[in-house]
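>>> I would like the atomic coordinates for the input below:
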Amino acid sequence: MDIKKRSGENLILASENINEIVSAAQKNYFPSNLLLSITNNQSNQTKNQVNELENSIIFGVLLVVIVLTFFLGLRNALFVGIAIPLSMLLSFFILNSMGVTLNFMVLFALVLALGMLVDNGIVTVENIYRFLSQGHTPIQAAKLGAAEVAMPIITSTATTLAAFIPLALWPGIIGEFMKFLPYTLIVVLSSSLFVALVINPSLAARFMKVNEDSIARPKWTIIGSALVLIGLILNFIVGATAFGNLLFYPGLIIFSFLYVFEPGTRIFQTRLLPRIERNYTQFIEFTLRGKNARSTFFGTVGLLFLSIILLSVLPPKVLFFPDSQPNLGNIFIELPVGTDIEETNMITLELEQEIANILESYTYKRNGKDYNYMVESIIAQVGKGTSDPNQGPDNAATPHKSKIVVAFRETKYRLDSLGNPVLSSDVLNLLRERVSNIPGALIVIAKDEQGPPQGPPINIELSGVNYEEVLAVAQDVKRFIKNSSINGYDELKVDVESGKPELPIKVDRSKARSLGVSTGQIGDALRTSLFGKEISRFKNDEDEYPINIRLSDNYRFNLENLMNQKITFRDQSDGQIKQVPISAIASANKSSTFSAVKRIDLDRVITVYSGLKEGANANQIVSEMKSLLKNYDLPESVSLSFTGQQEEQAKEFSFLSKALLGAVFMIFLIIVGQFNSAKIPFLILTTVILSLIGVLLGLVIFRMDFVIIMTMIGIISLAGVVVNNAIVLADYANQVINRRKSELKLSFETPLPIDELAASLVLAGKTRLRPVLLTAITTILGLLPLATGMNLNFYTLISQNDLQVYFGGDNVAFWGPICWTVIYGLTFATFLTLVIVPVMLYLSEVGKSKRHWANNG
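Alright, predicted model coming up:
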């Protein structure tokens, strides 16, 4: 029995309710020897993905707080770190009021925003700390520090939001699927801005100190020891595992801080960080000396062109959506039209047994029993609802079709007896190689598709007026491609069958008219006989059930009985009730026809389509097919086009390209408003363009796929993130330059001397070095668990003492391209912010200085 949830309902709650009903029925109604099994439960996959994302958030938060502790010290790290839970709680409240549920798109948006959440807080707290260290009172430091960076971080947040606003306008099915990403990011980042400008200064004014009090190590050692000891007793003696761990791990964290992080933080802040600042200062001084600035800038531009050349020489594999490991394998069996359902069932059973025998190779003994570490279940279904979904909806009876579904175990359990991971795609390839060919049958093995609905990767549409001609051309195109040397596609199929049985009813209109019967009455009688007619509704609590009436099976499936049924009607001429058998005014003859007729813009359309074999590149195969079909003699009355996934791919790439341009334009307008100048916005946007060097080199060096949807979202996200640090640094450099002009009593229009300009830029870079590094590192570390696929289950760690560490899963395949795009780009963009932004400001001011002195003697 197939059960599907209603649209808009909660899948996990529905699954839990079904499990309760099944358990109650098995306990109270069914015989004890009746086995009920629930298979292909999609809520398990959903729960796994949600759990992995939740654990990625927890792991990311821990990494971010550890880094903040090293840079800012524990107290200041807590000031910044509090932005994470506060921003998320505020975001949940706002999203809930918007009617947005906590789906895995929202959770990924939280992972993506994790490092960005603390960016504003880092800048604010670090600036307050700087004023406090200069001798200001805590309240004065909070006011001055927050006020100085208020406009830059408002602008930087606005630019980040501007990058995601175009994504919120994404049209179509994919837009409906992806829209929660920009919605969540916009809400979360706006919440973090509120926390940074309101909550952080308030806490800093009350609790911030320049020199943290020395930790009372003996006191905290006793507290940590007590927590660890009590936790161990509760865990291993009393058996209260979860409660014991809630005491044990905080005690362990106290010991870690006392004897690892606290000494490490002091060493980092007193030795390593000053050394980094000195090295950076020396490097930036060297860069701004003589012609070095010009060489650095044009060298970076040259690197951009080099990375583009490398990408064209070593092009990555281009995908529409990520190519993830399948959780289900679908084997579609199609026999000749007209095959009896019993014969289809018999062939399907034989094939199901053959598949089970092949999959026995993935078993080993566990606890004395055979354990299949790859396959959870094999389910066969015959008849209605077994068509390949690429053929479109098929509501007709299909006794000649069947489907076998192979459900794989969760990714973390797909390990052989030696603990080595096994790919489910390899299992499907094995089935393709070894499943027997059945004479007259078409067998297609396909994996389940992740993400929003897509068309087939190979989809050739042929359209024309004459349907039989179009069908003949479609069959000929299919043979033409199969006889070529093109490989990588699965099985070419035509989405129309030409031998489908039908029973046309021909009405003798003159005889029917003479008897007073209309064709509508005949059609209504036959329709009611075959499919039934709703006569009432039965209401049970909140549910309503239709009550239908129709002929019994011995009449419905017997042509003679069906045609001999009488139509009862009132004669309009004399008002009498009359009865006329259908056979007296109509005749039925068995025939065959097409299974469906599709039309697009009034033209009749037939599609030749195919899936792909594992590892095949759709774009490459389509390109080869297009080149091949240039030599095909296509009739003038028939047109041919590649649609499906290729059409969607072109459409989505076009939208994302426009979204990127729109985001850049909005970012430019925001920066112009901030600086009241077009010069600095152009310099900052140059860093966005140059940050693509990191993305392009990452794709080339690590041979990663270019996933159109995910990589483009990553590039758009990167555009919003990259400008943040550039804005903060450029704004502060302007403040330092203007302050130095005031000290030298120069007018605003008068440029600084070259040596003073270089010193001001070095000072600005050194002052903003720590927040720039922090914001980049926290953003990267927040994404790293999901990018690497490192899964740590903190729930089972607390409840079962089992961390369940494993690499991989559905999320890393799906979200990895976005994460790595941001990581590659942001890594290089950090260099751009700290080096290229001062260089570009220097070159700009030097040019301005030359023009000024040339005009003023």
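>>> Against Val721, how distant is Pro138?
Distance, Pro138 to Val721, by CB to CB, to the nearest Å: 31 Å. In this view, the C-beta of every residue, glycine as well, is placed from N, C-alpha and C.
>>> Then Tyr371?
Distance from Tyr371 to Val721, by CB to CB: 46 Å.
>>> For those two, work out which one has more neighbours and name it.
Neighbour count, other CB atoms under 10 Å: between Tyr371 and Val721, Val721 has more, with 25 against 13.
>>> my read: the more buried one touches Thr160, true?
Yes - at 6.3 Å, Val721 and Thr160 qualify as touching, with contact defined as CB atoms under 8 Å.
>>> quick one: common contacting residues for the two?
Residues within reach of Val721 and of Thr160 at once, by CB atoms under 8 Å, 6 or more residues apart in numbering, are Met116.
>>> wouldn't Thr528 be in contact with Asn548 here?
No - the criterion here is CB under 8 Å, and Thr528 misses it with Asn548 at 9.3 Å.
>>> Of the two, which one has the most company?
With neighbours defined as other CB under 10 Å, Thr528 and Asn548 compare such that Thr528 has more, 16 against 12.
>>> Tell me, how many residues neighbour the nearest residue to that one once chain neighbours are set aside?
Distance criterion CB to CB, 6 or more residues apart in numbering; nearest residue to Thr528, sequence neighbours excluded, is Arg550 at 6.5 Å. For Arg550, the count of nearby residues is 14 (other CB under 10 Å).
>>> got any ranges where the stretch 251-400 of the chain has weak pLDDT?
389-397 (pLDDT under 70).
>>> Quick one: the strands in it, in order.
Taking DSSP state E, counting those that start in this stretch as the test, the strands found in the stretch 251-400 of the chain are 318-319, 328-334, 363-366, 369-372, 375-382.
>>> Look up how far Leu696 lies from Val707.
15 Å.
>>> before we move on, the earlier item: tell me the contacts of the residue nearest to Thr528?
Thr528, Ser529, Leu530, Phe531, Gly532, Lys533, Arg556.
>>> now swap in Ser610 and tell me
Pro456, Pro457, Ile458, Tyr489, Asp490, Glu491, Leu492, Lys493.
>>> circling back to that earlier point, so what's the residue nearest to Thr528 scoring on pLDDT?
At Arg550, the pLDDT value in this model is 84.
>>> Quick one: end-to-end distance for stretch 306-324.
Its first and final residues considered, stretch 306-324 spans 31 Å by CA to CA, to the nearest Å.
>>> Now do stretch 779-791: everything it contacts.
52-53, 55-56, 59-61, 63-64, 67, 108, 111-112, 114-116, 119, 412, 721, 792, 804-809, 811-812, 815-816, 819-820, 822-823, 826-827.
>>> Verify the contact between Leu685 and Met666 for me.
No - using CB under 8 Å, Leu685 is not in contact with Met666, being 11.4 Å away.
>>> What residue spans form the domains of this protein?
11-38, 43-213+288-320+650-855, 325-449, 504-589 (automatic domain parsing).
>>> For the first one, give the mean pLDDT please.
Read it as domain 11-38. Rounded mean pLDDT across domain 11-38 is 87.
>>> Name the residues of it that are buried.
Ser15 (16 or more other CB atoms under 10 Å).
>>> Now do the strands in the stretch 401-550 of the chain.
So, for the stretch 401-550 of the chain - with DSSP E, counting those that start in this stretch - the strands run 401-408, 442-447, 458-464, 493-494, 500-502, 505-507, 533-540, 543-549.
>>> Which other helices and strands does the shortest one contact?
Packed against strand 493-494, as judged by 3 or more CB pairs under 8 Å, 6 or more residues apart in numbering; DSSP states H and E, are the following elements: helix 467-482, strand 603-610.
>>> same check, this time on the fifth one
Based on contacts counted as 3+ CB pairs under 8 Å, 6+ apart, the elements that strand 500-502 packs against are strand 591-593.
>>> Partner strands of the strand it packs on and their direction?
Within its sheet, strand 591-593 is paired with strand 500-502 (antiparallel), according to DSSP bridges.
>>> picking up where we left off before, looking at the domains of the chain, which is buried most?
Comparing these by mean neighbour count (mean count of other CB atoms under 10 Å), domain 43-213+288-320+650-855 ranks first with a mean of 20.
>>> Do me a favour and get the end-to-end distance for that one?
OK, domain 43-213+288-320+650-855 end separation, CA to CA: 73 Å.
>>> same deal with stretch 253-270?
End-to-end distance for stretch 253-270: 23 Å, by CA to CA.
>>> Give me the contacts around that stretch.
By CB under 8 Å, 6+ apart, stretch 253-270 touches 66, 69-71, 73-74, 215, 217, 220-221, 223-224, 227-228.
>>> wait, which of those is closest to Ile737?
Each of those was scored against Ile737 by CB to CB, and Phe71 proved nearest at 26.6 Å.
>>> helix or strand right after the host helix or strand of that closest one?
Of the helices and strands defined by DSSP states H and E, Phe71 is found in helix 42-72. The helix or strand immediately downstream of helix 42-72 is helix 74-81, counting by DSSP H and E.
>>> any idea what Leu640 is structurally, helix, strand or coil?
Each residue gets one of three states, and Leu640 gets strand by DSSP: H, G, I helix; E, B strand; the rest coil.
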